[in-house]
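Engineer: model the following, please.
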Amino acid sequence: MSQKPVNIVWFCTDQQRYDTIHALGNPYIHTPNIDKLAEEGVAFTRAYTQAPICTPSRSCFLTGRYPRTTKAFYNGNDNYSKDEKLVTKLLADSGYVCGLSGKLHLTSAQGRMEKRTDDGYSYIQWSEHPNDDWPGGENDYQNWLKEKGLRWEEIYGGKYTSMATWPPKPNPNFTGKTVGVPAEYHQTTWCVEKAIEFIEQNRGSGKPWLISLNPYDPHPPLDPPQEYKDRLKIEEMPLPLWKEGELDTKPPHQQNDYLQGGQDGQAEPYPTLTDEDRRERFRDYYAEIELIDDQFGRLMEYLEETGQREDTLVIFMSDHGEMNGDHGLYWKGAYFYEALVHIPLILSCPSLFRRGLKSDALVELVDLAPTLMELTGQEVPYYMQGKSLLPILTGQADPHHHKDSVYSEFYHCLLGSHDNIYATMYYDGRYKIVNYHGMEYGELYDHETDPDEFCNLWDKPEYAIKKAELIKKNFDSAVMKNMDRSMHMINEY
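Structural biologist: Numbering: from 1, shown residues only. Sure thing, here's the model as predicted:
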């Protein structure tokens with residue numbers, strides 16, 4: 001598109017829900033730097049992930065293809081398909097220098113550094129999660145701590161020092177209240193430091209660059225530094241969305257997880273928590289995001305000071321959300337509530353994009369890869385299934401319409417959790433339907449009358465015709481959006 005190649009900062013948090021930005025409507029949290037980004041660019045207020053789990057979501061937005069098509073539709077896969085082409089690889093082939101700090105998570109990282117595909121990253125500082133769970137020194141964040149003469153086990157105040165096994169390894173120093181490492185030694189801080197290091201290495205080289213920042217926060221465990229907890233008062237925090245009796249009409253796995261703990265019993269059971277406990281979890285979740293905001297601001301300040309901000313595309317987003325007690329559930333899994341599938345998405349490039357626009361168009365994370373291709377003046381590959389956002393970003397299209405519907409899926413995504421569930425979601429901006437394939441139950445919500453998704457209309461006789469209509473639309477959407485053209489039909493026969 002542009003004569004001058006733009007640099008790209010791609011900042012992707014882990015498990016951050018859509019309603020966590022002050023400028024976009026959250027009165028409880030302080031996010032001045034993300035707020036400023038929204039003022040300087042386009043905030044998509046109805047952006048949706050294509051999977052409520054890490055690997056399939058990341059596979060999707062890095063390829064511009066839906067999770068089932070990429071074959072990476074679950075966490076823990078041994079390999080990544082050699083047939084898939086990451087947008088970072090395509091950009092690297094076109095002359096970009098690409099780097100990454102934090103997690104990548106396209107293949108399993110349990111007990112090993114994940115197996116990398118041909119991802120295009122010539123610089124990589126890898127850290128799947130902060131804990132010291134890789135004895136071979138693969139976790140570059142832990143190496144950074146050791147270079148400073150610090151031991152994770154001594155500075156971390158969380159309940160578990162290791163996540164390599166389940167249940168995790170207990171921390172003998174745990175005092176009863178989870179506290180993370182000091183902010184200056186936090187993994188998010190390290191991610192930004194390494195991103196700045198990469199940009200410095202490439203500034204003035206004559207080549208455009210792309211840096212992917214992928215901190216682990218605000219993913220549980222909720223372990224912000226104490227100074228960030230102290231910024232917020234528990235009693236001023238909200239309670240989760242909850243209506244007594246709502247689960248009576250919800251799917252069995254949600255009823256079970258309410259009693260045993262979210263993600264098939266791995267999180268805390270909602271009924272065992274007091275209202276103060278529930279508010280405290282929001283406090284800690286918001287505290288983690290405020291740390292992210294501070295470090296994101298540090299990166300933006302660096303770009304400003306070095307004169308690079310005007311021609312740098314900055315993407316701020318998350319791979320999926322977090323239930324955080326809404327509907328009696330914690331963490332993630334086979335749920336399609338707004339808290340989990342609706343994510344933040346802001347894009348800003350002052351020299352090219354509109355400023356201060358809040359777009360309520362339905363958009364998907366699968367749309368990011370084709371956006372990057374078009375922005376960098378390249379043809380969008382025929383096998384990409386997303387739709388470029390560039391016309392909205394540049395003011396060439398209606399900012400309030402992009403797609404008629406959005407799609408998300410859960411296909412046995414987590415080993416040992418919701419093993420028997422294969423589900424697809426269709427949402428048209430008003431009605432949301434979830435089909436649990438092979439099951440008799442499902443979910444149907446009308447956001448016009450029930451924006452908080454308390455009332456499941458699936459079995460309501462008066463909605464039978466609407467349900468049948470939406471089931472067909474969901475079926476059509478799932479088939480058409482996963483239409484794989486990667487074999488490239490070029491002739492009649």
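
Engineer: alpha carbons only for contacts and neighbour counts from here, please
Structural biologist: OK.

Engineer: was I right about Ile53 contacting Trp331?
Structural biologist: No. Contact criterion C-alpha atoms under 8 Å: Ile53 and Trp331 do not qualify, at 10.3 Å.

Engineer: neighbour count for those two, which is higher?
Structural biologist: Shown here are Ile53 and Trp331; by other C-alpha atoms under 10 Å, Ile53 has more neighbours (26 against 22).

Engineer: residue contacts, that one?
Structural biologist: By C-alpha atoms under 8 Å, 6 or more residues apart in numbering, the contact set of Ile53 is 74-75, 319-320, 332-333, 410, 413.

Engineer: for the stretch 301-450 of the chain, which segments count as strands?
Structural biologist: 312-318, 342-343, 345-348, 357-359, 363-364, 406-411, 422-427, 431-436, 442-446 (DSSP state E, counting those that start in this stretch).

Engineer: outside of the fourth one, which residues touch it?
Structural biologist: Which is strand 357-359. If you take C-alpha under 8 Å, 6+ apart as the criterion, strand 357-359 is touched by 38-39, 41-46, 399-400.

Engineer: tell me the pLDDT of the spatially most central residue of the chain.
Structural biologist: The structure's the chain has its C-alpha centroid closest to Asp319; by C-alpha atoms, centre = their mean the separation is 1.5 Å. Looking at Asp319, its pLDDT is 98.

Engineer: also Pro167?
Structural biologist: Model confidence at Pro167, given as pLDDT, is 74.

Engineer: same check on the one 3 residues further on?
Structural biologist: Per-residue confidence at Pro170 stands at 85 (pLDDT).

Engineer: next one: phi and psi at it?
Structural biologist: Dihedral pair for Pro170: phi -70, psi 150, per degrees, to the nearest 10.

Engineer: what is the burial count for the closest residue to it other than its chain neighbours?
Structural biologist: Excluding its sequence neighbours, the residue lying closest to Pro170 (C-alpha to C-alpha, 6 or more residues apart in numbering) is Tyr160, at 4.4 Å. Using other C-alpha under 10 Å, Tyr160 is surrounded by 19 other residues.

Engineer: give the contact list for Tyr160.
Structural biologist: Taking C-alpha under 8 Å, 6+ apart, we find Tyr160 in contact with 168-171, 174.

Engineer: cool, and Leu91?
Structural biologist: 98, 120, 373.

Engineer: phi and psi next, for it.
Structural biologist: Backbone torsions of Leu91, given as degrees, to the nearest 10, read phi -70, psi -40.

Engineer: now for Leu347: which residues touch it?
Structural biologist: For Leu347, the contacting residues are 37-38, 41-43, 313-316, 393, by C-alpha under 8 Å, 6+ apart.

Engineer: what does the pLDDT read for it?
Structural biologist: For Leu347, pLDDT reads 98.

Engineer: once you drop chain neighbours, what's closest to it?
Structural biologist: Excluding its sequence neighbours, the residue lying closest to Leu347 (C-alpha to C-alpha, 6+ apart) is Ile315, at 4.6 Å.

Engineer: and that neighbour, how many residues sit next to it?
Structural biologist: Neighbours of Ile315 under the rule other C-alpha under 10 Å: 22.

Engineer: the top helix by length along the chain packs against which elements?
Structural biologist: The single longest helix within the chain, with elements called by DSSP state H, is helix 275-305. If you count contacts as 3 or more C-alpha pairs under 8 Å, 6 or more residues apart in numbering; DSSP states H and E, helix 275-305 packs onto helix 32-40, helix 187-202, helix 226-229.

Engineer: can I get those in JSON lines including mean pLDDT, mean neighbour count and distance to Asp452?
Structural biologist: Below are these laid out as JSON lines (pLDDT from 0 to 100; neighbours: other C-alpha atoms under 10 Å; distance: least, C-alpha to C-alpha, whole Å):
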{"stretch": "helix 32-40", "mean pLDDT": "98", "mean neighbour count": "20", "distance to Asp452": "24"}
{"stretch": "helix 187-202", "mean pLDDT": "98", "mean neighbour count": "20", "distance to Asp452": "31"}
{"stretch": "helix 226-229", "mean pLDDT": "97", "mean neighbour count": "18", "distance to Asp452": "28"}
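
Engineer: out of these, which comes closest to Asn456?
Structural biologist: Nearest of those to Asn456, taken as C-alpha to C-alpha: helix 32-40 at 33.8 Å.

Engineer: who does whichever helix or strand comes after that closest one pair up with?
Structural biologist: For helix 32-40, the following helix or strand on the C-terminal side (DSSP states H and E) is strand 42-44. Sheet pairing of strand 42-44 (DSSP bridges) gives strand 345-348 (antiparallel), strand 357-359 (parallel).

Engineer: circling back to that earlier point, okay if I get the contacts of Ile53 as a markdown table plus distance to Lys250?
Structural biologist: Listed next are those as a markdown table, based on distance: C-alpha to C-alpha, whole Å:
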| residue | distance to Lys250 |
| --- | --- |
| Tyr74 | 24 |
| Asn75 | 25 |
| Asp319 | 25 |
| His320 | 21 |
| Lys332 | 16 |
| Gly333 | 15 |
| Phe410 | 17 |
| Cys413 | 20 |
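
Engineer: can you tell me which of the residues you listed has the most neighbours?
Structural biologist: Neighbour max across these (other C-alpha under 10 Å) = Asp319, 32 neighbours.

Engineer: Phe11 is in contact with that residue, correct?
Structural biologist: No. The pair Asp319 and Phe11 fails to qualify as a contact (C-alpha under 8 Å) at a distance of 10.4 Å.
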